[in-house]
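S.K.: Sequence and computational prediction follow.
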Amino acid sequence: MTTTTSPTKPSFVYVTYIQTTPEKVWQAFVDTDVMAQYWFGPTSDCVRVNVSDWKVGSTWEHQRLDGARTVDICGKVVECDPPKRLVMSWARPSEAADTSKHSRVEIDIEQRIDGLVRLTVSHCDLERDPKMLEGISGGWPAILSNLKTLLETGHALPRMPGAA
């Protein structure tokens, strides 16, 4: 994991290696049933899923599975090349119409050797929103650790209800 900050372009990059297939990593990012098994932080008991048809130009929503389906983040699908690359804009719902306030998430999935996948998640264009950078710097490592654990063991990391 690296967080880089320059005077104009702070970004967050997380790289991990997962013993699985590119197709299973891809499915974990686009299938809400799989996502619901790992998309929570170690200090949160609120599961979230990303909902979209994953076609270029379509909207996506980061929804809580809280009964109300509260939307915390939203954006548009910028690129979709299964099972290799997914790119989406990222914004608070109140800023969805103002593209100048969007950041960008790039998910790259590479087959390295038989049974090993390199996953790189880059969250860029965060210069406009230091609070978003702070939030995702804790969020992405927890989510991606859960994803890696789920794909390698069949179980995500344990939740700690009420900790957040």
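M.R.: Perfect, I can see it now.

S.K.: This structure: helices as residue ranges?
M.R.: Shown for the chain, the helices assigned by DSSP state H span residues 22-30, 32-35, 130-153.

S.K.: Please name whichever of those helices is nearest to Lys76.
M.R.: Nearest to Lys76 among the helices of the chain is helix 22-30; the distance by C-beta to C-beta comes to 14.8 Å. Where you see a C-beta, it was placed from the backbone N, CA and C, and this is true even at glycine.

S.K.: what about the nearest residue to Ala28 once chain neighbours are set aside, neighbour count?
M.R.: The spatially closest residue to Ala28, leaving aside those adjacent along the chain, is Val34, at 4.8 Å (C-beta to C-beta, 6 or more residues apart in numbering). Val34 sits with 18 neighbouring residues when counted by other C-beta atoms under 10 Å.

S.K.: ok, now the one 3 residues further on?
M.R.: Number of residues near Gln37 (other C-beta under 10 Å) recorded here: 18.

S.K.: Could you do Leu119 as well?
M.R.: Taking other C-beta under 10 Å as the neighbour definition, Leu119 ends up with a count of 22.

S.K.: Tell me the spatial nearest neighbour of it, not counting adjacent residues.
M.R.: Setting aside the residues directly before and after it, Leu119 is nearest to Thr16 in space (C-beta to C-beta, 6+ apart), at 5.3 Å.

S.K.: hmm, back to that, so the residue nearest to Ala28 touches Glu23, yeah?
M.R.: No. Using C-beta atoms under 8 Å as the test, Val34 is too far from Glu23 to be in contact (11.6 Å).
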